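[1] Sequence first, then the predicted structure:
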Amino acid sequence: MSVNRSLPEGVEKYGQSPHFTAGKVPESLKQAHSTKDGTYARLVVTAGEVQYFLVGEKTPVSTITAGDKFVILPTEEHFIQVTDDAEFFLEFCR
């Protein structure tokens, strides 16, 4: 299953994470977490794959591959899993 999402109109980027590689993914991203109310995150994968899971689910909502983006909704509890060759960053929007 793969969900396609986009940012709502009027939402703009205000920040960006560092560029993460598979070996340097913070543990906090691999465990349950969420963005704040009103904050969207756009997951941008530049190499490999990142799987996006909702907390409590065993099947990923989406598998994002190199060159693709995925929108994370405000307050949505989630975690990620990455392939050994994954590289990605997050853009924060509101």
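    Now that the structure is in, tell me what you want to look at. Numbers count the residues shown, from 1 in each chain.

[2] What is the burial count for Val50?
    27 (other Cβ atoms under 10 Å). Yep, even glycine has a C-beta here, placed from its N, CA and C like the rest.

[3] Closest to the centroid, which residue in the protein?
    Averaging the C-alpha coordinates of the chain gives a centre point, and the residue nearest to it by Cα atoms, centre = their mean is Leu43 (3.8 Å).

[4] Spell out which helix or strand contains that one, please.
    Secondary structure from DSSP states H and E places Leu43 in strand 40-47.

[5] Send me that strand as PDB with only the CA atoms.
    The C-alpha coordinates for strand 40-47 follow below in PDB (Å, rounded to 0.1, in the frame of the first residue of the first chain):
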ATOM      1  CA  TYR A  40       3.900  19.300   8.100                       C
ATOM      2  CA  ALA A  41       7.100  17.500   7.200                       C
ATOM      3  CA  ARG A  42       8.100  16.600   3.600                       C
ATOM      4  CA  LEU A  43      10.300  13.500   3.500                       C
ATOM      5  CA  VAL A  44      12.700  13.800   0.500                       C
ATOM      6  CA  VAL A  45      14.500  10.600  -0.400                       C
ATOM      7  CA  THR A  46      17.700  11.000  -2.500                       C
ATOM      8  CA  ALA A  47      18.900   7.400  -2.400                       C
END
